[in-house]
Structure formats: C-alpha cells, structure tokens
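Visitor: Mind folding the following:
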Amino acid sequence: MASPFVPATSTIDELRAAAAGCRGCDLYKNATQTVFGAGPPDARVVLIGEQPGDIEDRRGLPFVGPAGKVLDRAIVDAGLDRAGAYVTNVVKHFKFKSTGPGKRRIHQTPERVEIEACRPWLDAEFSLLRPEIVVALGATAAKALIGPSFRVTRQRGEIMPWRDTRILATIHPSAVLRADDREEAYNGLVTDLTVAAAALQ
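Guide: From the prediction side, this is the model:
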C-alpha cells in the first residue's frame with residue numbers, strides 16, 4: 001500500500017517528488033519510474049486514465065504517447081482547454097510483459113490489488129485539486145472511481161455526482177487506436193468530452 005509513502009503536503013510538486021520513491025506495490029520493480037499527474041493545480045477538468053504506457057514510462061510524463069496525442073486532439077476538438085487540464089492515472093507505474101526477440105513491452109491491465117495499493121496517491125491528488133468535472137478514461141479508471149459495477153459501454157457520456165464534484169466516463173483514447181473504425185471511435189470520444197466541456201460553461 002502506498003499510504004506510508006504519501007506525505008502530508010500542500011503542493012502537487014511535493015507529492016510528485018515523494019511518489020518517485022513509492023514501493024507500495026511490486027510494479028515499481030520493472031517500471032522505469034513513477035509517472036505522476038501533470039497539469040495546473042487549479043485545473044477545472046481532471047482526466048484520469050488507467051496507467052502510463054511504454055513511452056510514458058520512459059519519459060516520466062502522463063499521456064505523451066500515441067494515446068496521449070489522440071487525447072490532446074480530442075480535448076481541443078471538444079472545446080476544452082488542454083493547457084488548463086490536469087491528467088493522471090489510477091496506477092502510477094507501467095505494468096507490462098516483455099515479448100518477442102526485441103523484448104517489446106506489452107501493456108497488462110493492473111489488478112485490483114495494484115489499483116487499491118496506488119489509490120492513496122490519487123486521493124492525495126484530489127485533496128489538492130478542486131476540479132469542476134472529472135473525466136474517467138476507460139473501464140479501469142471508471143470502475144476504480146465509480147465502482148466495480150460501472151460499465152462504460154452503457155453509461156458513457158453521462159455526468160454523475162462524485163465526491164464533491166461531477167464525473168463523466170468515456171473510452172480510453174487507446175481504444176480509438178485499436179478500433180476497427182477509428183473515425184467513429186474518435187468522434188464518440190469527442191462527443192463525450194463535449195458533454196464535459198458544456199458542463200463547464
């Protein structure tokens with residue numbers, strides 16, 4: 001559990017620095033580094049994904065790989081302010097398996113115990129952030145935040161009360177890259193994010 005590593009602090013930067021030394025679960029052993037949230041602490045919208053990917057793990061920043069580029073474009077197309085958004089993940093280390101001759105690192109979905117172990121970091125982020133709306137990107141993030149019975153396929157694009165703010169779930173931008181019809185999947189993501197943008201008006 002990450003709790004012993006989470007400091008009592010009043011700044012995101014101090015949390016980020018402390019998270020670099022987290023040993024709250026075993027994922028740190030194979031990951032390159034902790035990938036903490038990024039963005040302004042006064043962000044009106046917070047977007048939360050599952051975990052960092054391969055490129056994020058190497059660079060130490062969230063949503064800077066192919067899925068991040070999709071998300072950046074969708075945020076702008078939906079009318080949200082990308083520079084004013086805070087992005088993070090429910091799990092802060094990259095979980096993967098190595099395969100093939102080049103030892104390509106293939107994403108693995110975090111287990112419940114890993115999500116729960118990392119939860120204190122997310123709670124600490126939200127103790128400092130005061131967003132007007134939270135966007136859960138993908139099933140893992142949505143279930144971690146809203147509950148295990150939540151289904152993105154049935155309830156995406158709906159604004160619901162959450163803690164002392166509101167939350168909306170949509171697909172993870174990586175789902176656009178995997179989709180048979182990428183244009184349709186991308187347009188669906190933008191439509192959902194447009195609902196979030198409208199809620200900020």
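
Visitor: Give me the neighbour count for Arg104.
Guide: Residues lying near Arg104 (other CB atoms under 10 Å) number 11. The C-beta positions use only the backbone N, C-alpha and C, and glycine is treated the same way.

Visitor: What residues does it make contact with?
Guide: Ser98 (CB atoms under 8 Å, 6 or more residues apart in numbering).

Visitor: show me what contacts the most centrally placed residue in the chain?
Guide: Per CA atoms, centre = their mean, the C-alpha nearest to the average position across the chain is that of Gly49, at 2.2 Å. Residues counted as contacts of Gly49 (CB under 8 Å, 6+ apart) are Pro62, Phe63, Ala67, Val87, Thr88, Asn89, Val90, Leu137, Gly138, Ala141, His172.

Visitor: how near is it to Leu137?
Guide: 4 Å (CB to CB, to the nearest Å).

Visitor: quick one: common contacting residues for these two?
Guide: Common neighbours of Gly49 and Leu137 (CB under 8 Å, 6+ apart) are His172.

Visitor: in this structure, which spans are strands?
Guide: Ranges of strands in the chain, per DSSP state E, are 45-49, 85-89, 96-99, 104-107, 133-137, 159-162, 165-170.

Visitor: Buried residues in the longest one, which are they?
Guide: This points to strand 165-170. Arg166, Ile167, Leu168, Ala169, Thr170 (16 or more other CB atoms under 10 Å).

Visitor: between those, which is closest to Pro148?
Guide: Distances from Pro148 to those, taken as CB to CB, are shortest for Ala169 (13.3 Å).

Visitor: wait, doesn't that closest one sit right on Ala136?
Guide: Yes - between Ala169 and Ala136 there is a contact under CB atoms under 8 Å: 4.3 Å.

Visitor: so what sits against both of those two?
Guide: Shared contacts of Ala169 and Ala136, counting by CB under 8 Å, 6+ apart, come down to Ala142, Ile146, Val152.

Visitor: need the contact list for the last one.
Guide: It stands for Val152. Ala136, Gly138, Ala139, Ala142, Ala169, Thr170, Ile171.
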